[in-house]
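A.B. asks: Below: sequence and its predicted model.
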Amino acid sequence: MEQQAIWAILIFLLTYALIITEKIHRTIVAMAGAVIMIVFGILGQEAAIHHIDFNTLGLLIGMMIIVNTTAETGLFKYVGLWTAKKAKGSPVRIMWLLALITAIASAFLDNVTTIMLMVPVTFSITRQLKVPVFPFIFTQVLASNIGGAATLIGDPPNIMIGSAVEELTFMAFIKNLAPAIIIILAVTIPLFALIFRRQLRTTEERKKGLMDLEFDGIISNRPLLIKCLAALGLTLLGFFTHQTFHLESATVALTGAILLLLMTGEHMMEKAFRNVEWPTIFFFIGLFVLVGGLVESGVISRLADQAMELTGGDALLSSMLILWLSAIASAFLDNIPFVATMIPLIGDMSNMGVSPIEPLWWSLALGACLGGNGSLIGASANLIAAGMSAKEGEPIRFLKYLKYGFPFMLLSIALSTVYIFLRYF
């Protein structure tokens with residue numbers, strides 16, 4: 001193996017290890033690793049910029065602006081209280097209704113943002129009912145990663161895959177992944193209630209106190225809400241039709257965000273840009289450059305050769321290998337850097353004659369998104385939920401999450417295996 005390839009692997013593995021330990025913020029680690037790749041001459045600055053996927057970054061930034069501005073109106077608090085009232089104050093019913101809402105919202109907003117909006121609402125409800133918050137947070141995290149897998153914009157791995165493969169449009173994701181996600185949700189949501197029902201008991205008095213809460217004043221800015229819903233509606237319409245107009249998904253998201261900023265003015269613009277998760281954006285930039293180093297040094301093409309030898313170029317075996325490898329790896333490693341590594345590998349397998357290639361992309365999407373449910377560090381939404389819960393004085397322990405999350409992850413991947421086999425082979 002060439003010296004540059006060895007250096008690229010060492011830098012990548014060291015960066016990965018530091019990300020896992022969480023001793024230093026992962027964004028700092030990813031950016032430092034990217035800079036080292038350039039300084040060591042593994043790829044030049046122009047090549048590094050070429051490997052940064054600005055479509056992924058634009059899509060994330062656009063959706064963050066729209067969703068965070070919408071949160072200012074109180075809409076999500078309203079939805080939380082409405083859910084509690086519809087469930088008649090029953091903790092179990094509230095739990096699975098919030099999980100269902102989280103799954104649907106994650107499909108069209110993105111799971112990280114959805115979790116950030118749902119966790120504060122959840123704490124206000126559980127404190128009113130005086131029930132443990134863990135079952136609610138856990139089920140919402142699982143639902144967000146499951147629901148996010150259904151669309152192009154629901155989960156960062158899907159955003160990255162859709163951006164890398166032009167043929168995989170917004171509608172292609174829905175047609176190919178949404179049926180699998182509906183099946184998985186139909187199986188898992190009833191199990192949530194079965195497993196946690198004994199922990200979620202409260203008094204009739206507390207239920208009544210929750211039911212007596214009024215909606216008045218929750219929606220704090222109705223004119224802004226109307227503008228946000230208009231911008232969000234047009235953006236979602238754009239996602240459904242972007243292929244017809246030959247527009248990239250980032251263009252659609254940024255157009256919606258700019259339209260909203262034009263309607264809301266300078267004050268909301270400054271707040272919207274402050275609320276963009278810039279550390280996440282720069283984390284992506286660092287990862288793109290790190291993986292670019294593996295591509296430029298030939299490491300990815302060698303891995304593709306080995307995968308071809310293992311599966312003999314058979315599309316079914318390749319799909320199953322990618323599905324389960326992605327799931328197990330994503331359970332213990334953040335799925336974003338893993339997917340960033342896998343995308344060029346599958347691209348190389350396509351060039352080597354694996355056909356049909358589409359099932360491999362859907363296997364990667366399902367494996368990475370659903371595998372993220374396996375442990376507390378498996379996906380960005382998990383880490384954000386844990387951080388927010390810890391700030392509220394309710395830390396989520398790694399082993400406690402693993403006890404529930406890993407079996408649910410295995411169940412969802414088993415269902416995905418059957419789905420991939422029956423639909424494509």
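C.D. replies: Noted; the coordinates are in hand. Numbers count the residues shown, from 1 in each chain.

A.B. asks: give me the low-pLDDT residue ranges for the chain?
C.D. replies: Scanning the chain with the threshold set as pLDDT under 70 gives 1, 243, 333-334.

A.B. asks: Point me to the residue sitting closest to the centre of it.
C.D. replies: The centroid of the chain falls nearest to Asp155 when counting by CA atoms, centre = their mean (2.9 Å).

A.B. asks: That residue contacts Asp110, doesn't it?
C.D. replies: Yes: at 7.0 Å, Asp155 counts as touching Asp110 under the criterion of CB atoms under 8 Å. Where C-beta positions appear, they are placed from N, C-alpha and C, glycine not excepted.

A.B. asks: where do the contact lists of these two overlap?
C.D. replies: Common neighbours of Asp155 and Asp110, counting by CB atoms under 8 Å, 6 or more residues apart in numbering, are Gly148.

A.B. asks: ok, Val112 - contacts?
C.D. replies: Per CB under 8 Å, 6+ apart, neighbours of Val112: Pro156, Glu277, Thr280, Ser380, Ala381, Ile384.

A.B. asks: Next one: it from Ser106, what distance?
C.D. replies: Here Val112 is placed at a distance of 9 Å from Ser106 (CB to CB, to the nearest Å).

A.B. asks: Apart from its chain neighbours, what residue comes closest to Val121?
C.D. replies: Closest residue in space to Val121, ignoring its immediate chain neighbours: Gly80 at 3.3 Å, by CB to CB, 6 or more residues apart in numbering.

A.B. asks: so how many other residues sit close to the one you found?
C.D. replies: Look at Gly80: counted by other CB atoms under 10 Å, it has 22 neighbours.

A.B. asks: Kindly report the same for Gly393.
C.D. replies: Count around Gly393 with other CB under 10 Å applied: 8.

A.B. asks: related to what we said a few turns ago, phi, psi of the residue nearest to the centre of the chain?
C.D. replies: phi -140, psi 140 (degrees, to the nearest 10).

A.B. asks: Identify the residues contacting it.
C.D. replies: With CB under 8 Å, 6+ apart, Asp155 has these contacts: Ser106, Asp110, Asn111, Asn145, Gly148, Ala149, Ala368, Cys369, Gly372, Ala379.

A.B. asks: ok, now with 6 Å
C.D. replies: Asn111, Gly148, Ala149, Cys369 (CB atoms under 6 Å, 6 or more residues apart in numbering).

A.B. asks: Provide a list of residues in contact with Pro344.
C.D. replies: Per CB under 6 Å, 6+ apart, neighbours of Pro344: Val295, Ile300.

A.B. asks: any idea which element it lies in?
C.D. replies: helix 335-351 (DSSP states H and E).

A.B. asks: That helix: which residues count as buried?
C.D. replies: 335-350 (16 or more other CB atoms under 10 Å).

A.B. asks: outside of stretch 290-310, which residues touch it?
C.D. replies: 4-5, 8-9, 12, 33-34, 37, 42-43, 47-48, 51, 340-341, 344-345, 348-349, 352.

A.B. asks: what's the first-to-last distance across that stretch?
C.D. replies: One end of stretch 290-310 sits 26 Å from the other (CA to CA, to the nearest Å).

A.B. asks: now that stretch, how far from the centre of its chain.
C.D. replies: The chain centroid and the centroid of stretch 290-310 are separated by 25 Å, computed with CA atoms, centre = their mean, to the nearest Å.

A.B. asks: go on, stretch 178-189?
C.D. replies: The answer for stretch 178-189 is 17 Å, by CA atoms, centre = their mean.

A.B. asks: for stretch 234-249, same thing?
C.D. replies: On CA atoms, centre = their mean, the centre of stretch 234-249 falls 20 Å from the chain's centre.

A.B. asks: That concludes my questions; thank you for your assistance.
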